[in-house]
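**Student:** show me how the following folds:
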Amino acid sequence: MGYFKKLLMAVLLLAISCSAVFADEHCDQLIVAQIMSEFGLDEQWYDIEILSNRLDVVEIGEYDVTVRPLTQKDPVGLYSIVANLSKQGETVATGQVRMRIRKFAEVVVAGDRIRRSEELDPARFSLERKEVTNLVEQPVVSLAELAGFRAKRNLKKGTIVTSGALEAIPDLERGHETLIVYNDGVCRITAPGVALQSGLSGDYIKVKNKATNKIILAKIIDDGAVAVDP
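**Tutor:** Numbers count the residues shown, from 1 in each chain. Sure thing, here's the model as predicted:
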């Protein structure tokens, strides 16, 4: 008889334990749903994992859920809230809940190794769904954004391309020869020069006059000439 009592007690304890686990899981689901709704998070791009839940809920039921963030930051990464569960206007449980919110996005990814200063060919990149939770720089989300840019640093295959990894392709490169032009409307004078800086059309850069070895400040006209202000 003692054996059957022990067996019955074990079954009851197991049932209570399972009930508590199901109640906790149900509570977590309610909180996740509320967070998604509260902050307008799309399930396609966000994933919430409950790390710890101090709410003491013993049964599954339909509860009204309210949440109060414990931080002013955006709901992404490690995040903590105080959750309140109530039924028919009466509080059932209140407690702190810690979670990890992962953010995903469709971003441009390098399909091959890209070297620094290499012009970016969209054919060597692809759009993929990637986690961007911990990205410091803004990810590039369109292959069209690569046009006219080159790599500012080396990129490994599979790397998410960010704004900080791009730089505009200069119209005039440092070290390249150019034509220095002076035109005041009356006379036009030219001299051979060497660009000491890279830049785009309209930028002012330092240029060395090869005839006099003097360094001057000139405005890039195009890839073959710079102009000195009259």
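
**Student:** following the worst-scoring helix or strand of the chain on mean pLDDT, which helix or strand comes up?
**Tutor:** Using mean pLDDT, DSSP states H and E, helix 2-39 stands out as the lowest-scoring helix or strand of the chain, at a mean of 62. Downstream of helix 2-39, the next assigned helix or strand under DSSP states H and E is strand 46-53.

**Student:** I'd like to know which elements that following strand is packed against.
**Tutor:** Strand 46-53 makes packing contacts with helix 2-39, strand 90-110 when contacts are defined by 3 or more CB pairs under 8 Å, 6 or more residues apart in numbering; DSSP states H and E. No exception for glycine: its C-beta is placed from N, CA and C like everyone else's.

**Student:** is it true that Leu135 touches Ile160?
**Tutor:** Yes. With contact defined as CB atoms under 8 Å, Leu135 and Ile160 form a contacting pair (6.8 Å).

**Student:** neighbour-wise, which of those two wins?
**Tutor:** Of the pair Leu135 and Ile160, Ile160 is the one with more neighbours under other CB atoms under 10 Å, namely 19 against 15.

**Student:** wait, the more buried one touches Val109, no?
**Tutor:** Yes. With contact defined as CB under 8 Å, Ile160 reaches Val109; the gap is 5.8 Å.

**Student:** between these two, which contacts overlap?
**Tutor:** By the contact definition CB atoms under 8 Å, 6 or more residues apart in numbering, Ile160 and Val109 are jointly contacted by Lys130.

**Student:** distance of the spatially most central residue of the chain from Gly77?
**Tutor:** Nearest to the geometric centre of the chain sits Leu135, at 3.9 Å (CA atoms, centre = their mean). Remark: distance between Leu135 and Gly77 (CB to CB, to the nearest Å) = 11 Å.

**Student:** ok, Arg124 next?
**Tutor:** For Arg124, the distance to Gly77 - CB to CB - is 31 Å.

**Student:** for Arg113, same thing?
**Tutor:** 30 Å.

**Student:** domain parsing of the protein, as residue ranges.
**Tutor:** Residue ranges for the domains of the chain, per automatic domain parsing: 2-98, 104-168, 177-228.

**Student:** for the longest one, the distance to its chain's centre please.
**Tutor:** In terms of CA atoms, centre = their mean, to the nearest Å, the gap separating the centre of domain 2-98 from the centre of its chain is 29 Å.

**Student:** okay, and the common contacts of Leu135 and Gly77?
**Tutor:** Here Leu135 and Gly77 have no joint contacts, going by CB under 8 Å, 6+ apart.

**Student:** so what's the residue nearest to Phe125 when sequence neighbours are not counted up against?
**Tutor:** Nearest non-adjacent residue to Phe125, counting by CB to CB, 6 or more residues apart in numbering: Val108, 5.2 Å away. Shown in contact with Val108 (CB under 8 Å, 6+ apart): 125-127, 139-143, 145-146, 160-161.

**Student:** separate out the buried members of these.
**Tutor:** Among those, those buried by neighbour count (16 or more other CB atoms under 10 Å) are 125, 139-140, 143, 146, 160-161.

**Student:** which of those lies closest to Thr94?
**Tutor:** Of all the buried ones among the contacts of Val108, Pro139 has the smallest distance to Thr94: 38.0 Å, by CB to CB.

**Student:** ok, that closest one to Leu127 distance?
**Tutor:** On the measure of CB to CB, Pro139 and Leu127 end up 11 Å apart.
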